[in-house]
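K.L.:
One predicted model, sequence on top.
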Amino acid sequence: MSDSMQRLIRDLNNGKMRGYSYYTHPEQSSDTTRNVSGSGQLIQYAVQKRNHRYVAYYFQVDVDQMDNHEEAAVEQYEEYSDVEQALACLVNKGADLDRFAPFKGQTPF
């Protein structure tokens, strides 16, 4: 296990929230992140240990639907008893664990 992965797991076990947000640009979007209108998307991944469980968070919304994000966004919280399961969940949704860091500004939890 890499040093960065060990650090991530240690921070999560200590109750820290880790993750990242990014915007996709329409020309750089893959088929899985490109929407019908051709605009980009805001995507967010996060994980935190809460009450002895690991909560994996995923958020995705089309940039042109941000004003209507309550109805247009995909927002998922999934709980796991094991940190590696929570991280695998986010990797399966496209997360890059090397980018996980403390959040700056508004946090998902």
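P.N.:
Looks like it arrived, so ask away. Numbers count the residues shown, from 1 in each chain.
K.L.:
use CA for all of it now, contacts and neighbours both
P.N.:
Fine.
K.L.:
bridging residues for the residue nearest the centre of the chain?
P.N.:
Among the residues of the chain, the one closest to the centroid is Y45, at 0.6 Å (Cα atoms, centre = their mean). Beta-bridge partners for Y45, by DSSP bridges, are Y20, Y58.
K.L.:
quick one: Y45 and A95 touch, right?
P.N.:
Yes: taking contacts as Cα atoms under 8 Å, Y45 lies within contact range of A95: 6.7 Å.
K.L.:
helices and strands of the protein: which one bottoms out on pLDDT?
P.N.:
Every helix and strand of the chain was ranked by mean pLDDT, DSSP states H and E. The lowest is helix 69-72, at a mean of 80.
K.L.:
Just after it, pick out the following helix or strand.
P.N.:
Toward the C-terminus, helix 69-72 is succeeded by strand 74-80 as the next helix or strand (DSSP states H and E).
K.L.:
In the helix or strand just after that next one, which residues are buried?
P.N.:
Of the helices and strands lying after strand 74-80 in sequence (DSSP H and E), the nearest is helix 83-92. Under the neighbour-count criterion of 16 or more other Cα atoms under 10 Å, helix 83-92 has 83, 86-87, 89-90 buried.
K.L.:
Need those residues in JSON lines (columns: distance to D62 and pLDDT).
P.N.:
Formatted as JSON lines, these follow (distance: Cα to Cα, whole Å; pLDDT from 0 to 100):
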{"residue": "V83", "distance to D62": "29", "pLDDT": "98"}
{"residue": "A86", "distance to D62": "25", "pLDDT": "98"}
{"residue": "L87", "distance to D62": "24", "pLDDT": "98"}
{"residue": "C89", "distance to D62": "22", "pLDDT": "98"}
{"residue": "L90", "distance to D62": "19", "pLDDT": "98"}
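K.L.:
ok but D98 is inside a helix, no?
P.N.:
Yes: according to DSSP: H, G, I helix; E, B strand; the rest coil, D98 belongs to a helix.
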